[in-house]
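Colleague: Requesting a structural model of the entry that follows:
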Amino acid sequence: MPAPRANTGSENSPVASKNDSLNTKDLRRILGSSFLGSVIEYYDFILYATAASIIFDKVFFGNLTPGLALFASFGTLAVGYVARPLGGIIFGHFGDRVGRKKMLVLSMMMMGFATIAIGLLPTTASIGVAAPIILVLLRVVQGISVGGEWGGATLMALEHAPANKRGFAASFANAGAPAGGLLATFLISFVSFSTGDNFLTWGWRIPFLFSAVLIVIGMVIRLKVAESPVFQQMDAKAASAQKERKTPISLVLKHHSKTVVITLVASLGFYTCQGILTSWGVSQAVGLGVDRSFVLNSKGYAAIITIVVCLLAAKLSDRYGRKTILTVGAVAGIVWAFPAIALMSNGTGWGFMVAVLVGNGVIQGILAGPIGAYISELFPADVRYTGASLAYQSSSTLGAGFTPMIATALAMTFGVMSVGVFWVAILVIGFIAIRMSPEGAALEHKQSKLTTNKNSINA
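Modeller: The predicted structure follows:
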């Protein structure tokens, strides 16, 4: 039975009240900005993840044994994920107090600076230990930036959209992530093929420097987008009542800590899929002798499937509920975990391709589609940026940030199938959290009715 559609009362955007469609000039610009902004942010972020799998262990940690070098390279990858919750808190605080749009512009500028700087960074052979130290610091900037991007991009789309299309609108931010990964993967693959033996010398820098072009395009589009109508209404009410809104993080921790924990755990399956398939799996396949360009291209093809499935799953979540679609994704992931590990570890290109096309393309796409609306709708508007960002980015830290390191350690100690055991355990825990949580759209419908009744009594 379809879940009740959200009727968010005062939170409905002005656009939505006039036209129950996403196909208007303003909404097309908003959704395009949300998608493109995520493309750029995740191009930079996933570019680093790919580089950590096949480049940085040799360029910045070449003085270590191969196993330790890869572990150290994944360690720098994890640092960025550790910084993401901090970015969610910082950007969420100001996003809930001064506006979503301003924070999105700042996050894009920060990400561009860090990525370009990595592309210009001298190697360890040139400046010694300073190189990996600077690399880690720049990775922290990337983490803080992307930690603020997702919440703002998701809310700008969700809060402008008609109430019964919020899941589909919010998914444009998540769909931008695989699109950014697709662009990063294909560009690395092309540069790797084009530069040949020079790839590890200087060719790897080209995709990082290309970020400058993307940042300029993204800033031009993002600056034209209007502020979220939900924030404008909230800000106007606070101004008319001459009230200063309390610190969002304190309100989240005091009143919504349970929601943070549940949505964090519910998101772990999505990010664990990403960490195992797109980071650990890449290094596993390349280490077993699979052609590097073939691996990267397979990962890119999977990203195309992810985008399509993500948007379709989000649209279905508007009809059948976020929890239903997320449950389907979690169960599919549990079923596919061990076959995927076996395929990625058999030393063949076709094995890796099938593993990522199904795992990264289909299953991760199902989980990615509804996740933005699922998390956001469980938090009230005045702390939504902070609460949703804290939950989602903390999940990214635990699920994707540490997964490649954990998978590497498990495979070295207990064999590759132990990675499958770990993967299934995370998906089962996420499944339980999803089933424990309320349906966000239904919860907003209930809150809206309570607010309407309260206003009627006061009148």
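Colleague: For residue 153, give its distance to residue 108.
Modeller: 10 Å (Cβ to Cβ, to the nearest Å). Placement of C-beta: from N, CA and C, glycine included.
Colleague: now the helices: where do they sit in the stretch 351-459 of the chain?
Modeller: In the stretch 351-459 of the chain, helices defined by DSSP state H, counting those that start in this stretch lie at 364-376, 384-396, 403-414, 417-436, 440-458, listed in chain order.
Colleague: circling back to that earlier point, when residue 153 and residue 108 are compared, which one has more neighbours?
Modeller: residue 153 (31 against 25; other Cβ atoms under 10 Å).
Colleague: For the closest residue to the more buried one other than its chain neighbours, grab the count of nearby residues.
Modeller: Leaving aside its sequence neighbours, residue 153 sits nearest to residue 173 (Cβ to Cβ, 6 or more residues apart in numbering; 3.9 Å). Number of residues near residue 173 (other Cβ under 10 Å) recorded here: 31.
Colleague: Residue 173 sits in which helix or strand?
Modeller: helix 166-195 (DSSP states H and E).
Colleague: which secondary structure elements does that helix contact?
Modeller: helix 25-54, helix 130-160, helix 205-209, helix 292-320, helix 364-376 (3 or more Cβ pairs under 8 Å, 6 or more residues apart in numbering; DSSP states H and E).
Colleague: Residues that sit against both of residue 153 and residue 108, list them.
Modeller: Counting by Cβ atoms under 8 Å, 6 or more residues apart in numbering, the contacts common to residue 153 and residue 108 are 37, 41.
Colleague: hang on, the earlier thing: if you compare the directions of the helix holding residue 173 and helix 25-54, what angle comes out?
Modeller: 40 degrees (axes from the mean of the first three to the mean of the last three Cα atoms, to 10 degrees).
Colleague: where are the low-confidence patches of this protein?
Modeller: 1-21, 23, 226, 228, 230-231, 234-246, 440-459 (pLDDT under 70).
Colleague: Give me the buried positions along the helix holding residue 173.
Modeller: 166-189, 191-192, 195 (16 or more other Cβ atoms under 10 Å).
Colleague: same question, stretch 215-224
Modeller: In stretch 215-224, counting by 16+ other Cβ under 10 Å, buried: 215, 218-219, 222.
Colleague: Can I get it in PDB? Just the C-alpha atoms.
Modeller: Output of stretch 215-224 as PDB, limited to C-alpha atoms (Å, rounded to 0.1, in the frame of the first residue of the first chain):
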ATOM      1  CA  ILE A 215      34.300  25.000 -10.600                       C
ATOM      2  CA  VAL A 216      33.900  28.000 -12.900                       C
ATOM      3  CA  ILE A 217      30.900  26.400 -14.600                       C
ATOM      4  CA  GLY A 218      29.300  25.300 -11.300                       C
ATOM      5  CA  MET A 219      29.700  28.800  -9.700                       C
ATOM      6  CA  VAL A 220      28.000  30.500 -12.600                       C
ATOM      7  CA  ILE A 221      24.900  28.300 -12.400                       C
ATOM      8  CA  ARG A 222      24.800  28.100  -8.600                       C
ATOM      9  CA  LEU A 223      24.800  31.900  -8.100                       C
ATOM     10  CA  LYS A 224      21.600  32.200 -10.200                       C
END
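Colleague: Compute the distance from the centre of it to the centre of its chain.
Modeller: Distance of stretch 215-224 from the chain centroid (Cα atoms, centre = their mean, to the nearest Å) equals 20 Å.
Colleague: Repeat that for stretch 51-64.
Modeller: That offset, for stretch 51-64, works out to 24 Å (Cα atoms, centre = their mean).
Colleague: same thing with stretch 193-206?
Modeller: That offset, for stretch 193-206, works out to 28 Å (Cα atoms, centre = their mean).
Colleague: Dump that stretch to CSV, keeping only the CA atoms.
Modeller: Provided in CSV are the C-alpha atoms of stretch 193-206 (Å, rounded to 0.1, in the frame of the first residue of the first chain):
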residue,chain,number,x,y,z
PHE,A,193,45.8,5.5,-21.6
SER,A,194,47.1,8.7,-23.2
THR,A,195,50.1,9.3,-21.0
GLY,A,196,51.2,5.7,-20.7
ASP,A,197,54.4,5.3,-18.7
ASN,A,198,54.2,9.0,-17.8
PHE,A,199,50.9,8.6,-15.9
LEU,A,200,52.5,8.1,-12.5
THR,A,201,55.1,10.8,-13.3
TRP,A,202,52.8,13.7,-14.3
GLY,A,203,49.7,12.4,-16.1
TRP,A,204,47.7,11.8,-12.9
ARG,A,205,47.8,15.5,-12.2
ILE,A,206,45.6,16.4,-15.2
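Colleague: that older thread, would JSON lines of the buried residues of stretch 215-224 with distance to residue 38 and secondary structure be doable?
Modeller: Listed next are those as JSON lines, based on distance: Cβ to Cβ, whole Å; DSSP: H, G, I helix; E, B strand; the rest coil:
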{"residue": "215", "distance to residue 38": "14", "secondary structure": "helix"}
{"residue": "218", "distance to residue 38": "10", "secondary structure": "helix"}
{"residue": "219", "distance to residue 38": "14", "secondary structure": "helix"}
{"residue": "222", "distance to residue 38": "11", "secondary structure": "helix"}
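Colleague: hang on, the earlier thing: test my guess that the residue nearest to residue 153 contacts residue 369.
Modeller: No: using Cβ atoms under 8 Å, residue 173 makes no contact with residue 369, being 11.1 Å away.
Colleague: Any idea how many residues pack against residue 72?
Modeller: Using other Cβ under 10 Å, residue 72 is surrounded by 18 other residues.
Colleague: my read: it touches residue 59, true?
Modeller: No: assessed by Cβ under 8 Å, residue 72 is found out of contact with residue 59, at 11.7 Å.
Colleague: joint contacts of these two?
Modeller: Among the neighbours of residue 72, none is also in contact with residue 59 (Cβ under 8 Å, 6+ apart).
Colleague: just to revisit the earlier point, check the buried residues of stretch 215-224 against residue 340 and report the nearest one.
Modeller: Each of those was scored against residue 340 by Cβ to Cβ, and residue 218 proved nearest at 33.4 Å.
Colleague: Please list all residues in contact with the closest one.
Modeller: 36-37, 39-40, 108.
Colleague: and if you look at residue 73?
Modeller: 52-53, 56-57, 60-61.
Colleague: out of the residues you listed, which are buried?
Modeller: Members of those classed as buried by 16+ other Cβ under 10 Å are 52-53, 56-57, 60-61.
Colleague: Which of the residues you listed sits closest to residue 147?
Modeller: residue 52 (18.0 Å).
Colleague: Give me the distance between that closest one and residue 359.
Modeller: Going from residue 52 to residue 359 by Cβ to Cβ gives 20 Å.
Colleague: Where do the helices of the stretch 201-350 of the chain begin and end?
Modeller: Under DSSP H, counting those that start in this stretch, the stretch 201-350 of the chain gives helices at 205-209, 211-222, 229-240, 248-255, 257-275, 281-287, 292-320, 322-344, 349-356.
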